[in-house]
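>>> Here is a sequence with its predicted model. Questions after.
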Amino acid sequence: MPSNFHKSINCFSIGCIFFIFFGFIAFFELYKVTNFTCERTTQINCQLTYSNEWKSSVKTYFGEEFRGAKVEGHYNERYDYYVTFLSNSGKVSDVFIYPFQSEAQKIVNKINTFISNSQETLITVTQDNSNSLNLAAAICVTFGVFGLGLTLYSYRNYI
């Protein structure tokens with residue numbers, strides 16, 4: 001049996017294992033739901049929660065620390081629009097990501113209106129990417145398992 005066959009089988013197997021690994025990372029590790037809630041009692045108290053099926057991360061903003069939000073454009077293989085939170089110390093983080101500026105601007109307007117309008121008592125913004133990330137994870141795992149199965153079948157037939 002030619003040695004090039006073994007090299008190509010090994011490379012393809014490693015690629016399939018990578019797809020399976022990436023699928024598991026996308027399913028178990030990536031945060032899929034971003035939830036931002038602000039409540040106005042005597043002062044503004046905001047909570048930012050990132051979560052998936054297995055874990056969550058919470059950041060809290062109190063009082064005057066949170067100043068509002070703005071839209072920033074970033075180019076990473078495509079142009080995305082980030083909703084960026086602002087605090088007294090400057091930029092806090094890029095929180096929500098949208099493919100269209102108008103979608104990001106709606107969220108920024110909603111947040112900034114809440115901050116400036118003392119009559120509003122509660123705001124909640126949620127971005128749920130779980131369906132698309134779960135679909136991507138399923139496709140990666142399926143492709144990886146199918147390819148690995150073909151590899152093992154081909155290898156078995158050439159032995």
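Yes, it's here. These figures come from a predicted structure and were not determined experimentally.

>>> If you count neighbours, what's buried in the longest helix seen in the chain?
Identified as the longest helix of the chain according to DSSP state H is helix 130-158. Using 16 or more other Cβ atoms under 10 Å as the test for burial, helix 130-158 gives 133-134, 136-137, 140-141, 143-144, 147-148, 151, 155. All C-beta atoms are positioned from the backbone trio N, CA, C, and that covers glycine.

>>> and if you look at stretch 65-73?
Buried residues in stretch 65-73, counted by 16+ other Cβ under 10 Å: 66-67, 69-71.

>>> can you check stretch 43-56 too?
For stretch 43-56, using 16+ other Cβ under 10 Å, the buried residues are 44-46, 48-52.

>>> so what pLDDT did Asn88 get?
For Asn88, the model assigns a pLDDT of 76.

>>> what does Asn4 give?
On pLDDT, Asn4 comes in at 57.

>>> Break the chain into its domains for me.
Segmentation of the chain into domains, based on automatic domain parsing, reads 1-32+130-159, 33-128.

>>> tell me, which of the ones you listed is the model least confident about?
domain 1-32+130-159 (a mean of 71).

>>> Packing partners of the longest helix of the chain?
If you count contacts as 3 or more Cβ pairs under 8 Å, 6 or more residues apart in numbering; DSSP states H and E, helix 130-158 packs onto helix 3-28.
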